[in-house]
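Participant: Let me see the structure of the following:
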Amino acid sequence: MANPDGSESTPAFDTSQPTIARVYDALLGGKDNFAADREGAATYLKFVPDAGRCAIDNRAALVRGVQYLVRDAGIDQFLDIGSGLPTQKNTHQAAQEINPDARVVYVDVDPIVLAHGRALLATNDSTIVVTADLRKPQEILDHPEIKDHLDWDRPIALMIVGIHMHFHDDEKPDEWVRTLMDKLAPGSYLFITDFVDTGEPLQKAMEQAGLESLGNGWIRTPERIEQHFLGLPLIPPGLDFLERWNPADPDGDVPDVDELQPYQRILMAGIAKKA
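Facilitator: Below you'll find the model as predicted:
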């Protein structure tokens, strides 16, 4: 954007360093990224040539999870943390095509998400975008726009999709999520996807790619990922690889694990319910 004197104004965000949201956007083939982000995406592709397909599969799992939560679980409120930049289908689109009255709050620490999200949602009164940090969960809970947009006496789906891997266990990210879940009404849900470690080389390569490009991106054992759900019971089919995970049809035919491509064994998903 140009200033009145014709010079280019400085964006309100740092484009010299890659961010999670913009690298993810680049992997998805989006346009809301900068050279540093494309370099970060290239690093992922160097280590994991199918990293873009992993990102697409994670987005598809997000859509399946939201559709289940609206259609089968009757949820009409979503708090999507680390939502990233608008892409092919977002949480509000997946929810509102089933229930037009579904309300969605997007939260991301990257200010570019706020700028692009507000432009996209200018005519959508049921969806808002807020800049906040999962590391400061009480600030999310105290944020006036978030407080006003959701009915905290009714169930809410808390979405932590593709985010946990960017925090080291030493930071105790489960406690941030616990602070949020403790505030939610009974009948609320917790939806998580995360990088998994079952001992495969490509999983370790994904971790190496994240550490080299973003300085984070740790893999975890399935047992450790289950701990992210804070002891809440997982709905069927439980925690599983994305390609095998469909809560709307937990007993449906799925490929055996050994039939999956290596890149399809990098991410797992699950949804738990608060009693």
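Participant: wouldn't residue 91 be in contact with residue 108 here?
Facilitator: No - using CB atoms under 8 Å, residue 91 is not in contact with residue 108, being 12.0 Å away. (Glycine included, C-beta is placed from N, CA and C.)
Participant: ok, and residue 26, which helix or strand is that part of?
Facilitator: helix 20-27 (DSSP states H and E).
Participant: Which elements pack onto that helix?
Facilitator: The contact analysis (3 or more CB pairs under 8 Å, 6 or more residues apart in numbering; DSSP states H and E) places helix 20-27 against helix 35-47, helix 51-71, helix 111-120.
Participant: following the last one, which helix or strand comes up?
Facilitator: Okay, so that is helix 111-120. Defined by DSSP H and E, the subsequent element after helix 111-120 is strand 127-131.
Participant: now that following strand and helix 111-120, what's the angle there?
Facilitator: Orientation check (axes from the mean of the first three to the mean of the last three CA atoms, to 10 degrees): strand 127-131 against helix 111-120 gives 160 degrees.
Participant: Only the buried residues of the following helix or strand past strand 127-131, if you could.
Facilitator: Downstream of strand 127-131, the next assigned helix or strand under DSSP H and E is helix 137-142. Buried positions in helix 137-142, judged by neighbour count with 16 or more other CB atoms under 10 Å: 137, 140-141.
Participant: Report how many residues lie close to residue 152.
Facilitator: 14 (other CB atoms under 10 Å).
Participant: residue boundaries of the helices in this protein?
Facilitator: 20-27, 35-47, 51-71, 91-96, 111-120, 137-142, 144-149, 173-183, 201-213, 222-227 (DSSP state H).
Participant: And the ones you listed: which comes nearest residue 242?
Facilitator: Distance to residue 242, taken as CB to CB, is lowest for helix 51-71 among the helices of the chain, at 4.5 Å.
Participant: wouldn't residue 209 be in contact with residue 47 here?
Facilitator: Yes - using CB under 8 Å, residue 209 is in contact with residue 47, at 3.8 Å.
Participant: Those two: which has the busier surroundings?
Facilitator: Applying other CB under 10 Å to residue 209 and residue 47 shows that residue 209 carries more neighbours, namely 21 against 18.
Participant: which residues touch that one?
Facilitator: By CB atoms under 8 Å, 6 or more residues apart in numbering, the contact list for residue 209 reads 43-44, 46-48, 51, 217.
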